[in-house]
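S.K.: got a predicted structure plus its sequence, pasted below:
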Amino acid sequence: MPITYHVEKAKSGRSSCKKCKEKILKDKMRIGSTTEKDGHGMTSWNHAKCFNLPKAMQKEGATAESFVAEDLDDPDGIFDEHKDEIIEAIEAKGVSAPKNKKASAADDDNTMLGAIKRNYETVQASAAAADDGEDRPAKKIKLSNDEHKEVVLYETFSKMNAEELKDFLRWNRQGVTGVKAVLILRCIDGDMRGRLARCPLCKRGQPKLAEAAHDFASCNGYYDDEMGGRVSCSYKVPVAKAARILPWLESTPTEEQEAEMDELAELAKSGKTAPNPSNEAAVKDILKKAKNDIDWKVGNKSEIKATATAMVTIAKNGGVNLPEGGELKAVGKILVANAKTSTAAEVMQLVLDEYGFASDQAAAAEATADAAHNVCACSANAKYYGMLDEFGSLMRKSGEYMKANSYKKSADAVAALEFEITVDNALKLGKSGKLKTPGIGKSTAEKLQELAETGTVVKLEEAKASIE
């Protein structure tokens, strides 16, 4: 069962600290540990000074600072004034040393980093033998181009201390928790493939290499401010297939690079698709036409409708992803809200920001489908997982969080199935069926049956239309 953590000021004086058993006074800082089960969350509370850093995180080399930066959610903006205070309180509690004296299993021979080390040591031994002029031939080395690059990078990064490695990761806004072996692997991976991009499945979480022992990138979800809780994610993909952003930064980011990363972070929070640089020419063309071709009259309803119609024509011809059947309403809503203070080009930019390009949306949809394939034990069930996941997203948008959690649970149940869902067995997955599966009820089974039989689900289309 996943556990998430967040900090807040106590809303009353009724809660008690799990550690010291004393009441947590109103407006005093407290750390909540929430365990999710069956779509519901159970939260226990601690004073910040009584909070123990989780042992699993300690084994990965986490510190109070890295825990606060990466794993402690801050829905109320407490970090603005009290971040250092929270870190100091957790540090004062102390971190227990792991029973196993090995720093980590991250560089074991059977791990990804272990293989890189082994290649590095072989190369070094071969070079040393050649330098010594030994009569026996050096061990023959057959490495791929990627393996050669890994060896070179390992030699560079292994000589750095933990703080130097963390600088590289911070510059690229990647995770900085873990022992040195984990940090080395993340730096090697980033240098070779680029920064890990936002999760293509949940759209808002940040995947990371959790341990050097695994050559997979995974996402554990994100904190939803409106929901007031964490949305879990099942995304897991081999590192070579994970979505990336280039370039990998090797020095302190410039102001322009920082602004670009800030923009991507804000887009991720909204769940919108990041703009594709290849569309820059199309954007300029659309804005130019909006400025030159639209007769900007917005004095009354008739003029607003005519102006909105002209904008729709330019946007559609330019490939903007306006909602089918609701194009005029979508553009008109933005136009009415901004007509008195903006120009035609400025309003068109707002339309582009809101809806993006159809080609980008198609690419994002394809990435989501690929991610669903990786999540499902039986890849043929990806479309069923995707349908339930989309239902959950729509429920969150409409504020129906209990339903959203229920759909998430059903999607995870589908992902775990090792056989393909078909017209013949879909209904049997429900509570009264021969293949009854925890997390899949009668209503969900009927939706699975409908999708298997018709290729679509009417209620899903209705839900999408109502949100739009």
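M.R.: On my side now, so go ahead. Numbers count the residues shown, from 1 in each chain.
S.K.: residue 290 should be in a strand, yeah?
M.R.: No - secondary structure assignment (DSSP: H, G, I helix; E, B strand; the rest coil) places residue 290 in helix, not in a strand.
S.K.: surely it meets residue 342?
M.R.: No - here residue 290 does not reach residue 342: they are 10.9 Å apart, not a contact under Cβ atoms under 8 Å. All C-beta atoms are positioned from the backbone trio N, CA, C, and that covers glycine.
S.K.: which ones are touching residue 222?
M.R.: Contacts for residue 222 were tallied using Cβ atoms under 8 Å, 6 or more residues apart in numbering; they are 202, 204, 205, 206, 230, 231, 233.
S.K.: quick one: which of those is nearest residue 181?
M.R.: residue 206 (20.9 Å; Cβ to Cβ).
S.K.: tell me which element residue 354 is part of?
M.R.: helix 344-355 (DSSP states H and E).
S.K.: that older thread, in TSV, list the contacts of residue 222 along with neighbour count, distance to residue 377 and secondary structure.
M.R.: Output for those, formatted as TSV (neighbours: other Cβ atoms under 10 Å; distance: Cβ to Cβ, whole Å; DSSP: H, G, I helix; E, B strand; the rest coil):
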residue	neighbour count	distance to residue 377	secondary structure
202	25	19	coil
204	21	24	coil
205	22	21	coil
206	19	24	coil
230	22	24	strand
231	21	22	strand
233	23	17	coil
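S.K.: point out where this protein drops to low pLDDT.
M.R.: Scanning the chain for pLDDT under 70 picks out 1-2, 37-40, 60, 93-110, 130-141, 210-214, 271, 468.
S.K.: what about the longest helix in it?
M.R.: helix 112-131 (DSSP state H).
S.K.: so which bits of it are buried?
M.R.: For helix 112-131, the neighbour count (16 or more other Cβ atoms under 10 Å) marks 112, 113, 114, 116, 117, 119, 120, 122, 123 as buried.
S.K.: ditto for stretch 23-35
M.R.: Within stretch 23-35, the residues that count as buried by 16+ other Cβ under 10 Å are 24, 29, 30, 31, 32, 33, 34.
S.K.: hey, C-alpha coordinates of it in CSV?
M.R.: C-alpha atoms of stretch 23-35 as CSV (Å, rounded to 0.1, in the frame of the first residue of the first chain):
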residue,chain,number,x,y,z
LYS,A,23,-2.1,16.8,21.2
ILE,A,24,-0.9,18.8,18.2
LEU,A,25,-2.1,22.3,18.9
LYS,A,26,-4.0,24.3,16.4
ASP,A,27,-1.8,26.1,13.7
LYS,A,28,1.3,24.0,14.8
MET,A,29,3.1,22.3,12.0
ARG,A,30,2.4,18.6,11.6
ILE,A,31,3.5,15.9,9.1
GLY,A,32,0.8,13.5,7.8
SER,A,33,1.5,10.0,6.6
THR,A,34,-1.3,8.8,4.4
THR,A,35,-1.8,5.1,3.5
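S.K.: look up phi and psi at the residue positioned nearest the centre of the chain.
M.R.: Nearest to the mean C-alpha position of the chain, by Cα atoms, centre = their mean, lies residue 205 at 2.0 Å. Torsion angles at residue 205 (phi, psi; degrees, to the nearest 10) stand at phi -80, psi 160.
S.K.: check the one 3 residues further on too.
M.R.: Note on residue 208: its backbone torsions stand at phi -160, psi 160 [degrees, to the nearest 10].
S.K.: mind listing what it touches?
M.R.: 174, 175, 186, 196, 217, 218, 219.
S.K.: for residue 196, see how far away it is.
M.R.: 6 Å (Cβ to Cβ, to the nearest Å).
S.K.: what residues are shared contacts of these two?
M.R.: With Cβ under 8 Å, 6+ apart, residue 208 and residue 196 have common neighbours 174, 217.
S.K.: now do whichever strand or helix holds residue 384: everything it contacts.
M.R.: Secondary structure assignment for residue 384, by DSSP H and E: helix 382-397. By Cβ under 8 Å, 6+ apart, the residues outside helix 382-397 that reach it are 201, 224, 226-227, 231, 271, 368-369, 372-373, 375-376, 401, 403-408, 410-411, 414-415, 421, 444, 447-448, 451-452, 457, 460, 463-464, 467.
S.K.: 7 Å - rerun?
M.R.: 224, 227, 368-369, 372-373, 375-376, 403-404, 407-408, 410-411, 414-415, 421, 447-448, 451, 457, 460, 463-464, 467 (Cβ atoms under 7 Å, 6 or more residues apart in numbering).
S.K.: shouldn't residue 453 be in contact with residue 423?
M.R.: Yes - applying Cβ atoms under 7 Å, one finds residue 453 in contact with residue 423, separated by 5.2 Å.
S.K.: how much space between residue 59 and residue 457?
M.R.: Counting by Cβ to Cβ, the gap from residue 59 to residue 457 is 43 Å.
S.K.: before we move on, back to that, any chance of the buried residues of helix 112-131 in CSV, with distance to residue 433 too?
M.R.: Below are those laid out as CSV (distance: Cβ to Cβ, whole Å):
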residue, distance to residue 433
112, 41
113, 46
114, 46
116, 48
117, 51
119, 51
120, 54
122, 55
123, 58
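S.K.: so where do the helices sit in the stretch 351-468 of the chain?
M.R.: With helices called from DSSP state H, counting those that start in this stretch, the stretch 351-468 of the chain shows them at 358-375, 382-397, 401-416, 442-454, 458-467.
S.K.: would TSV of those with mean neighbour count and distance to residue 239 be doable?
M.R.: Formatted as TSV, these follow (neighbours: other Cβ atoms under 10 Å; distance: least, Cβ to Cβ, whole Å):
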stretch	mean neighbour count	distance to residue 239
helix 358-375	17	12
helix 382-397	22	20
helix 401-416	21	20
helix 442-454	18	32
helix 458-467	12	33
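S.K.: can you redo those as JSON lines with distance to residue 145?
M.R.: Listed next are the helices of the stretch 351-468 of the chain as JSON lines, based on distance: least, Cβ to Cβ, whole Å:
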{"stretch": "helix 358-375", "distance to residue 145": "25"}
{"stretch": "helix 382-397", "distance to residue 145": "32"}
{"stretch": "helix 401-416", "distance to residue 145": "35"}
{"stretch": "helix 442-454", "distance to residue 145": "43"}
{"stretch": "helix 458-467", "distance to residue 145": "45"}
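S.K.: list the contacts of residue 223.
M.R.: Contacts of residue 223 (Cβ under 7 Å, 6+ apart): 6, 73, 75, 230.
S.K.: please read the previous query as pertaining to residue 72.
M.R.: Taking Cβ under 7 Å, 6+ apart as the test, what residue 72 contacts is 5, 6, 7.
S.K.: and which of the contacts of residue 222 is nearest residue 150?
M.R.: residue 206 (23.7 Å).
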